[in-house]
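Enquirer: quick one, structure for this:
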Amino acid sequence: MTSTSKRTYRVTANVFGVPFGFCGLSQCWTTAHAVAGTPRWPADTLWIVTAAIWAASVIWYGHDVVRGGRWRTELKDPVFAPFTALILIAPMFLGVALAAHARTAGVLVFGIALALTVAVGGWLAGEWIVTDRQLAQWHPGYFLPTVGGGLIGAGGSAALGHRTLAMAMFGYGVVCWLLLGAIILLRLVAAPALPSPLLPTIAIEVAPPVVAGNAWFVINGGHVDAIGAGLAGYAVLMILIQVRLIPVYRRVRFGPGWWAFSFSYAAAFTVAVNWLAAEDVPGRRIWTAALLGVLTLGIGALTIPTVRRLVAGTYLPTAGTAPPLTAVV
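Expert: Predicted coordinates for the structure are as follows:
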């Protein structure tokens with residue numbers, strides 16, 4: 001055993017970025033099958049892998065939280081609390097995927113996950129109101145509980161045929177996006193720069209317009225309209241900003257935060273697949289295959305170093321390490 005194996009590590013909630021990223025990859029393959037006729041088996045296989053990763057992450061994280069006596073404080077952590085919502089958001093995806101094979105079981109999984117996501121999102125939003133939180137403590141991960149939960153819930157509800165619930169969740173997600181988006185953008189522009197480990201969370205800025213776009217395609221039957229076009233326009237701006245930030249990202253040491261790129265970009269690829277189908281672009285099957293290939297390679301490029309660092313014991317922060325924002329406020 002190496003000396004690194006003797007260290008004690010804190011399993012932080014952002015480890016759920018891994019199953020969340022695989023949800024994005026699986027969803028892209030599922031969408032491609034639905035709108036472009038690609039084979040179904042890759043999506044089904046990926047959903048099984050995603051479920052296994054999510055379950056392993058829950059056991060790993062839950063054991064560490066209980067062992068560390070943190071179960072009363074995790075939802076109060078100014079850095080990692082928003083990421084705890086991913087524990088519940090991922091099963092919404094899994095429920096929709098399961099419903100394609102076992103309708104009743106899938107709807108039950110989705111419904112429970114959606115209800116818990118909304119409950120936790122409400123509790124966290126209340127916590128943000130009553131806590132004396134400085135602007136510099138905010139980061140784009142704060143989109144996840146309500147914006148991400150709401151918009152993903154909207155897409156899932158529509159996919160299962162619950163249109164009224166889908167519209168309600170779409171409104172919930174969009175309103176939260178408008179409110180939180182103003183705060184988070186102000187924080188990024190006017191407050192000190194995010195600490196290095198949190199810089200990849202800026203990739204989450206891409207997620208709201210593309211996740212909303214994907215949900216809207218399901219809600220409106222795959223047609224392009226003013227709402228879809230408007231969301232696409234804002235998504236283009238957020239993607240162009242990401243291009244400018246490449247030199248910034250390259251300076252960040254690899255760790256759990258890097259998985260912030262995975263779901264955001266996967267959702268962007270998925271909305272591109274939806275647009276190719278909606279506009280009946282010539283050669284769209286070839287373009288769709290190319291998008292799937294690039295995205296799959298990208299997730300693979302994140303997975304390989306993650307596994308290597310887990311084996312080496314260098315992936316997670318050492319227990320007792322101060323949260324990265326405490327040095328800022």
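
Enquirer: residue 152 and residue 210 touch, don't they?
Expert: No. Under the contact definition of C-beta atoms under 8 Å, residue 152 does not touch residue 210, with a separation of 11.5 Å. Every residue, glycine included, has its C-beta placed from N, CA and C.

Enquirer: distance between stretch 293-310 and the chain's centre?
Expert: For stretch 293-310, the distance from its own C-alpha centre to the chain's C-alpha centre is 16 Å (C-alpha atoms, centre = their mean, to the nearest Å).

Enquirer: would you mark the buried spots in that stretch?
Expert: If you call a residue buried by 16 or more other C-beta atoms under 10 Å, then stretch 293-310 has these buried ones: 295, 296, 298, 299, 302, 303, 306.

Enquirer: now do that stretch, average pLDDT.
Expert: Averaged over stretch 293-310, pLDDT sits at 97.

Enquirer: now the helices for the protein?
Expert: Read by DSSP state H, the chain holds these helices, from start to end of the chain: 17-36, 41-68, 86-99, 103-130, 149-159, 163-190, 207-219, 226-244, 246-249, 260-278, 284-312.

Enquirer: quick revisit: more crowded one of residue 152 and residue 210?
Expert: Residue environment comparison for residue 152 versus residue 210 gives the larger neighbour count to residue 152, 31 against 28, counting by other C-beta atoms under 10 Å.

Enquirer: next one: the more buried one from residue 45, what distance?
Expert: 21 Å (C-beta to C-beta, to the nearest Å).

Enquirer: check residue 275 too.
Expert: Separation of residue 275 from residue 45 (C-beta to C-beta) stands at 26 Å.

Enquirer: what sits closest to residue 50 if chain neighbours are left out?
Expert: Across the structure, with C-beta to C-beta, 6 or more residues apart in numbering as the measure, the residue nearest residue 50 apart from its sequence neighbours is residue 22 (4.1 Å).

Enquirer: check contacts around that neighbour.
Expert: 46, 49, 50, 53, 262, 299 (C-beta atoms under 8 Å, 6 or more residues apart in numbering).

Enquirer: tally of neighbours for the fifth one?
Expert: I take that to be residue 262. Applying other C-beta under 10 Å, we find 26 other residues in the vicinity of residue 262.

Enquirer: quick one: it and residue 187, what's the gap?
Expert: 23 Å.

Enquirer: and the helices of the chain as CSV, adding distance to residue 138?
Expert: As requested, the helices of the chain are arranged in CSV below (distance: least, C-beta to C-beta, whole Å):
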stretch, distance to residue 138
helix 17-36, 18
helix 41-68, 23
helix 86-99, 18
helix 103-130, 9
helix 149-159, 18
helix 163-190, 4
helix 207-219, 15
helix 226-244, 17
helix 246-249, 18
helix 260-278, 15
helix 284-312, 25
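
Enquirer: which one of these lies closest to residue 11?
Expert: With distances scored as C-beta to C-beta, the stretch of the helices of the chain nearest to residue 11 is helix 41-68 (3.8 Å).
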